[in-house]
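Participant: I need the structure of the sequence given here:
(chains A and B)
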There are 2 protein chains.
Amino acid sequence: MPNPTAAMLVIGDEILSGRTRDSNMHHLAGELVKVGIDLKEVRVVPDEAPAIVSALRALSEAHDNVFTSGGIGPTHDDITADCVAEAFGRNIDVRPDARKLLEDAYGARGVEVTEARLRMARIPDDAVLIENPVSTAPGFTLENVHVMAGVPAVFEAMVASVLPGLTGGTPLLSQTWRVMRPEGDIAGPLRALSEAYTDLSFGSYPFQMNGVFGSNVVVRGTDGARVDAAMTELQEVFPDAGA
Amino acid sequence: MPNPTAAMLVIGDEILSGRTRDSNMHHLAGELVKVGIDLKEVRVVPDEAPAIVSALRALSEAHDNVFTSGGIGPTHDDITADCVAEAFGRNIDVRPDARKLLEDAYGARGVEVTEARLRMARIPDDAVLIENPVSTAPGFTLENVHVMAGVPAVFEAMVASVLPGLTGGTPLLSQTWRVMRPEGDIAGPLRALSEAYTDLSFGSYPFQMNGVFGSNVVVRGTDGARVDAAMTELQEVFPDAGA
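Facilitator: Next up is the predicted model:
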């Protein structure tokens, strides 16, 4: 059975304007590999409702899981929750369970729950809250979409609480062999290997070190014995590696 | 007149599996802002022809410029050029101009132009080559799509040679004001400002420093006097900033 698939939607003008370097994509990619969910697509869109809604619908239809990052804070440009409600035809308002979370946490610190902060309790009907152990304001899951914060510490904590509840697959295993030859020298044998092991994937990533061209060859697959066998053949063809 | 728009397509299993952290998106975003081309969307797709072809078509139709990154090397998983040819209904083969580039460069270093290396001379009909001053194998422009390498040094060099030939717009100006208050405190005044200056965009990016919550407020627009005016109002409302 093939692994479940996933897509990610990164929401925010700050990424597209070059102000902020996204790190959530790399984090999520690494976590999904471990649980056997195949990340098949990532999109980055600005803080504009039509772009967000249409990406949500497209990704939600095409994949088993969708993870969003960004746009759930208290300011006027935080429109992700409203867009998710629109994409799935749900009502959205300040929800008592989310409101109570905020009131308890801010109350304990003597901070007023302003109207702006209450925006973070706007949750679509039928959504299940995702815990935020860092700064309280929750994320939520609606249908197959998991809506999470853009701040990396919060995003990572939310990913950690969502993933155990999802149906995983067979984790992808990978082995890397460093060959001190340029890609052009190894492409032929690598193609032959990829045709002999059609259940595995072979990637080659060129690098330059002290003026010498080399390639990291990565063999990926879900069957450890097959990955081992391909790696052994690869090392026989290029024994001069790892230097 | 609104600025020209752009989209980026990042191609590669290595990004989606978490093996490699993409840096080309952040670089391109920063360069496009300088020349007044608005980056409106980024997609990341695996090394799979149907996904690449369909993303190329969608992005090319929706935006003035499309920039791709990755999949133009010599190995079997480098299929970007073939996918671009398919997306635009062009023939593709080893092209004499690209072949000569490779033969001259490799010849000068006494390196054989293998069949694998010749893959890098596969260029669709009608495409214009993009110079690669780092490692010779060229990128190319076909229709409104600029096809570039994934290796960051090469990608950046190709961006530098493509951008001067494009129609730019009004560069986006931005100013940042650091407010040592949590987002929930500033959201109200910020919304009022954004309603008073509808030609500008206001972003707020929370941070935590030594246990204190703060927000970087970014005012963006193409009219410097308007950005100045909004920034002055912002500083009147939150004079306690910059600490």
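
Participant: For chain B, see how far away the closest residue to residue A:212 other than its chain neighbours is.
Facilitator: Sequence neighbours aside, residue A:180 is the residue nearest to residue A:212 in space, at 6.3 Å (criterion: Cβ to Cβ, 6 or more residues apart in numbering or on different chains). C-betas here are computed from N, CA, C, even on glycine. Note on residue A:180: its distance to chain B, by Cβ to the nearest Cβ, to the nearest Å, is 14 Å.

Participant: same deal with residue A:22?
Facilitator: Noted for residue A:22: a distance of 7 Å to chain B, by Cβ to the nearest Cβ.

Participant: Surely that residue and residue A:9 touch.
Facilitator: No. Counting by Cβ atoms under 8 Å, residue A:9 is not a contact partner of residue A:22; they are 11.7 Å apart.

Participant: what ranges do the strands span in chain A?
Facilitator: Ranges of strands in chain A, per DSSP state E, are A:5-11, A:38-45, A:65-69, A:92-94, A:122-124, A:128-130, A:139-142, A:145-148, A:173-179, A:201-209, A:212-221.

Participant: between the ones you listed, which one is nearest to residue B:128?
Facilitator: strand A:201-209 (24.5 Å; Cβ to Cβ).

Participant: Quick one: mean pLDDT for the closest one?
Facilitator: The average pLDDT for strand A:201-209 rounds to 85.

Participant: same for that strand, what does it pack against?
Facilitator: Judged by 3 or more Cβ pairs under 8 Å, 6 or more residues apart in numbering or on different chains; DSSP states H and E, strand A:201-209 is in contact with helix A:183-196, strand A:212-221, helix B:13-16.

Participant: Go ahead and flag the most central residue of chain A.
Facilitator: residue A:28 (3.4 Å; Cα atoms, centre = their mean).

Participant: which residues touch that residue?
Facilitator: For residue A:28, the contact set (Cβ atoms under 8 Å, 6 or more residues apart in numbering or on different chains) comprises A:8, A:39, A:67, A:69, A:155, A:159, B:18.

Participant: so where's chain A shaky on pLDDT?
Facilitator: A:241-243 (pLDDT under 70).

Participant: Report the residue ranges of every domain in it.
Facilitator: Described in terms of automatic domain parsing, the domain architecture of chain A consists of the residue ranges A:5-165, A:173-237.

Participant: Of those domains, which stretch is the most buried?
Facilitator: domain A:5-165 (a mean of 20; mean count of other Cβ atoms under 10 Å in any protein chain shown).

Participant: Do I have it right that residue A:203 meets residue B:14?
Facilitator: Yes. At 5.8 Å, residue A:203 counts as touching residue B:14 under the criterion of Cβ under 8 Å.

Participant: quick one: common contacting residues for the two?
Facilitator: Common contacts of residue A:203 and residue B:14 (Cβ under 8 Å, 6+ apart): residue A:218.

Participant: quick revisit: distance to residue A:114 added to the helices and strands packed on strand A:201-209, as TSV?
Facilitator: Below are the helices and strands packed on strand A:201-209 laid out as TSV (distance: least, Cβ to Cβ, whole Å):
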stretch	distance to residue A:114
helix A:183-196	56
strand A:212-221	49
helix B:13-16	39
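
Participant: Relative to residue A:88, which of these is closest?
Facilitator: helix B:13-16 (25.3 Å).

Participant: for that closest one, the distance to its chain's centre please.
Facilitator: Distance of helix B:13-16 from the chain centroid (Cα atoms, centre = their mean, to the nearest Å) equals 17 Å.

Participant: Contacts for it next, please.
Facilitator: Residues contacting helix B:13-16 (Cβ under 8 Å, 6+ apart): A:25, A:29, A:39-42, A:201, A:203, A:205, A:218, A:220, B:20-22, B:44-47, B:70, B:77.

Participant: Likewise for stretch A:51-59?
Facilitator: Contacts of stretch A:51-59 (Cβ under 8 Å, 6+ apart): A:7, A:9, A:11, A:41, A:43, A:45, A:66, A:68, A:71, A:79-80, A:83-84, A:86-87, A:145, B:40-41.

Participant: separation between residue A:82 and residue A:150?
Facilitator: Residue A:82 is 16 Å from residue A:150, where distance means Cβ to Cβ, to the nearest Å.

Participant: cool, residue A:16 as well?
Facilitator: With distances taken as Cβ to Cβ, residue A:16 is found 13 Å from residue A:150.

Participant: Check residue A:133 too.
Facilitator: Look at residue A:133 and residue A:150: by Cβ to Cβ, they are 16 Å apart.

Participant: was I right about residue A:157 contacting residue A:133?
Facilitator: Yes. Under the criterion of Cβ under 8 Å, residue A:157 makes contact with residue A:133 at 5.2 Å.

Participant: Just put the strands of chain A in TSV and tack on distance to residue A:54.
Facilitator: Below are the strands of chain A laid out as TSV (distance: least, Cβ to Cβ, whole Å):
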stretch	distance to residue A:54
strand A:5-11	11
strand A:38-45	9
strand A:65-69	13
strand A:92-94	18
strand A:122-124	17
strand A:128-130	23
strand A:139-142	17
strand A:145-148	14
strand A:173-179	34
strand A:201-209	31
strand A:212-221	32
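
Participant: Ok, which of the ones you listed comes nearest residue B:34?
Facilitator: Among the strands of chain A, the nearest to residue B:34 by Cβ to Cβ is strand A:38-45 (19.0 Å).

Participant: Pull up the pairing partners for the closest one, direction included.
Facilitator: strand A:5-11 (parallel), strand B:38-45 (antiparallel) (DSSP bridges).

Participant: chain center to it, what's the gap?
Facilitator: From the chain centre to the centre of strand A:38-45 is a distance of 7 Å (Cα atoms, centre = their mean).

Participant: likewise stretch A:48-57?
Facilitator: 18 Å.

Participant: Bridged to the closest residue to residue A:118 other than its chain neighbours, which residues?
Facilitator: Distance criterion Cβ to Cβ, 6+ apart; nearest residue to residue A:118, sequence neighbours excluded, is residue A:94 at 5.4 Å. With DSSP bridges as the criterion, residue A:94 is bridged to residue A:122.

Participant: so who does residue A:107 touch?
Facilitator: Going by Cβ under 8 Å, 6+ apart, residue A:107 touches residue A:113.

Participant: ok, 7 Å please
Facilitator: Not one residue lies near residue A:107 by Cβ atoms under 7 Å, 6 or more residues apart in numbering or on different chains.

Participant: cool, and residue A:76?
Facilitator: With Cβ under 7 Å, 6+ apart, residue A:76 has these contacts: B:187, B:190-191, B:194.

Participant: re earlier: which one, of the helices and strands packed on strand A:201-209, ends up nearest to residue A:121?
Facilitator: Within the helices and strands packed on strand A:201-209, the stretch nearest residue A:121 is helix B:13-16; the backing value is 33.7 Å (Cβ to Cβ).

Participant: Can you show me the CA trace of the closest one as CSV?
Facilitator: The C-alpha coordinates for helix B:13-16 follow below in CSV (Å, rounded to 0.1, in the frame of the first residue of the first chain):
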residue,chain,number,x,y,z
ASP,B,13,12.8,15.2,-4.1
GLU,B,14,15.7,16.3,-1.9
ILE,B,15,13.7,19.4,-0.7
LEU,B,16,10.5,17.5,0.0
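
Participant: what's the spacing between residue A:163 and chain B?
Facilitator: According to Cβ to the nearest Cβ, residue A:163 stands 14 Å off from chain B.

Participant: so how far is residue A:117 from residue A:98?
Facilitator: According to Cβ to Cβ, residue A:98 and residue A:117 sit 11 Å apart.

Participant: To clarify, my last question referred to residue A:175.
Facilitator: Distance of residue A:175 to residue A:117, given as Cβ to Cβ: 49 Å.

Participant: Fine, thanks again, bye for now.
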